[in-house]
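Sharing a model that was predicted from the sequence below.
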Amino acid sequence: MSAVRPRVLVVYREVGAHGGGSVVAAWALAALKERYDVSLLTWADVDYEGLRKYYGIELSPEDFEVILVPSVYRPWFNFFPTPGAQLQLGLIMNACKRLLRGRDFEVVLGADNEADFGRRGIQYVHYPWAKYPRPDYELRWYHRIPGLLRLYRFATITALGCSWPRIRQNATLANSEFVASEVQDTHRIEPRVLYPPVLGPPSDVAWEERQSRIVCIGRIHRCKRWLDAVEIVKRVRECGYDLKLCVIGNEGDAAYLRELRRLERKHGDWFRLVVDAPHSELMRIVSESKFGMHCMVEEHFGIAVAELVLAGCIPFVNDSGGPPEIVGMEPVLRFESIDQAAERIEKVLRDPTMQDELRTRLLTHGQRFGVDQFQDGVREAVSEFLSATASARANVAA
């Protein structure tokens, strides 16, 4: 008779081609399905095709049970006048607690920041909820109404039965040293750092065969600052370097996309925009390029930057958030302004020896960001949680 496998409930709002957090949840499901009986509590059907097409993640409906949030919760969210991410999370936490009253799971794993499951679980933090909204691009007019943000947080946390003390009792994973420090500042707990999973293309294309091109990867959204990337490359080209730029992303902001399309028409000899490309096409472009760039300020981690590193590219990143960790804190690869970025890119372009040294160091440093490392970390976290739970029960019985 085969042994009964422990039951694991994964909780995430929407699993599909929606960006880094969704990818983390998908790879966690892939890591756990071979060893455990896995269920997913989620707000919408899983986008299996999007995960395969854009991220190369192979999942199927047979791999785990999908439990949709009951329809009774949907009116709360559907008629909310703003995106309401915290409200959606609060509702799914409430649904999780109701589910756990009727079904037994040995482990609950939340992949969507801090979570109250009604009992101790594992939470993966991309960025603490209390730190939102970040003022540069997330602050909206309704955040400026006195007392409204505090009321909203009360409604989504306290009124829905969430408890900060219970949240702080969870086993906590953070996606970078940067986010771990933010978690410590917010909750006075010390999370374990588990870098997100990165499926990079092979780096076996010879450096001499690659194009002198900067690749940017990410959602077509103002927070990514792709207009800055265009201006930076433009300034480098004005110094006499035949440097090209390719921005690859999924559409997220139609107005911003139109701005980038206008620039593509204007600078079509050196600027290319690729929207909604299959994962295989993205990997091909990246593996044939020498350089990368990421302009977002205080990116939580920056999976795109890690993809560039694993592909053998040399990425230049804004000196904030998680990306500096990914490039090994190399000073010449970090910038705080458009002028500084252009200056440092030019410095690397004119020194082939520096390029070779940076590539060697980056490829060694980048091995910590692979899919295998992440999946091993998830399985280790679940195994340790099960062991700790068994020890606690034994102590109580004794």
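Received the coordinates, thanks.

Could you break the protein into its assigned domains?
Recorded structural domains for the chain (assignment: automatic domain parsing) are 7-197+371-397, 207-368.

So residue 378 sits against residue 192, correct?
No: with contact defined as Cβ atoms under 8 Å, residue 378 does not reach residue 192; the gap is 11.3 Å. For the C-beta atoms, the positions are set from N, CA and C on the backbone; glycine is no exception.

Quick check: phi and psi at residue 329.
The phi and psi values for residue 329, taken as degrees, to the nearest 10, are phi 60, psi 30.

Could you give the number of residues near it?
Summarising burial for residue 329: neighbours were counted as other Cβ atoms under 10 Å, giving 11.

Strands along the stretch 151-300 of the chain, start to end?
All strands of the stretch 151-300 of the chain, identified by DSSP state E, counting those that start in this stretch, fall at 171-174, 192-193, 211-217, 244-249, 271-275, 289-294.

Distance from the chain centre to the longest one, please.
Its chain's C-alpha centre and that of strand 211-217 lie 21 Å apart, by Cα atoms, centre = their mean, to the nearest Å.

what mean pLDDT does that strand have?
Strand 211-217 shows a mean pLDDT of 97 in the predicted model.

now the last one
Summarised as a single mean, pLDDT over strand 289-294 is 97.

Tell me what angle the strand or helix carrying residue 309 forms with strand 244-249.
Taking DSSP states H and E as the criterion, the element that holds residue 309 is helix 303-310. Taking axes from the mean of the first three to the mean of the last three Cα atoms, to 10 degrees, helix 303-310 and strand 244-249 form an angle of 130 degrees between their directions.

Which strands or helices does helix 303-310 pack on?
Helices and strands touching helix 303-310, by 3 or more Cβ pairs under 8 Å, 6 or more residues apart in numbering; DSSP states H and E, are strand 211-217, strand 289-294, strand 314-318, helix 323-326, helix 352-365.

Mean neighbour count added to the ones you listed, as a markdown table?
Compiled in a markdown table, the helices and strands packed on helix 303-310 are given as follows (neighbours: other Cβ atoms under 10 Å):
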| stretch | mean neighbour count |
| --- | --- |
| strand 211-217 | 22 |
| strand 289-294 | 25 |
| strand 314-318 | 26 |
| helix 323-326 | 26 |
| helix 352-365 | 14 |
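
what's the pLDDT at the residue nearest to residue 374 when sequence neighbours are not counted?
What sits nearest to residue 374 in space, not counting adjacent residues and going by Cβ to Cβ, 6 or more residues apart in numbering, is residue 197, at 3.7 Å. pLDDT, the model's per-residue confidence, is 90 for residue 197.

Could you check how far residue 197 is from residue 378?
Distance, residue 197 to residue 378, by Cβ to Cβ, to the nearest Å: 9 Å.

can you check residue 119 too?
According to Cβ to Cβ, residue 119 and residue 378 sit 20 Å apart.

Same drill for the two, tell me which one is more crowded.
The neighbour count for residue 119 versus residue 378, taken as other Cβ under 10 Å, is higher for residue 378 (26 against 13).

what's near enough to touch the more buried one?
For residue 378, the contact set (Cβ atoms under 8 Å, 6 or more residues apart in numbering) comprises 27-28, 31-32, 109, 194.

quick one: it is in a strand?
No: with DSSP: H, G, I helix; E, B strand; the rest coil as the criterion, residue 378 is located in helix rather than a strand.

what's the burial count for residue 297?
Burial measure for residue 297: 16 neighbouring residues, criterion other Cβ under 10 Å.

Next: residue 7.
Neighbours of residue 7 under the rule other Cβ under 10 Å: 16.

Over to residue 116?
Neighbourhood size, residue 116 [other Cβ under 10 Å]: 26.

Please, which helix or strand holds it?
Counting by DSSP H and E, residue 116 is found in no helix or strand.

That one touches residue 165, doesn't it?
No: with contact defined as Cβ under 8 Å, residue 116 does not reach residue 165; the gap is 9.2 Å.

Buried residues in the helix or strand containing residue 87, which are they?
Of the helices and strands defined by DSSP H and E, residue 87 is found in helix 85-102. Neighbour-count burial for helix 85-102 flags 85-100 (criterion: 16 or more other Cβ atoms under 10 Å).
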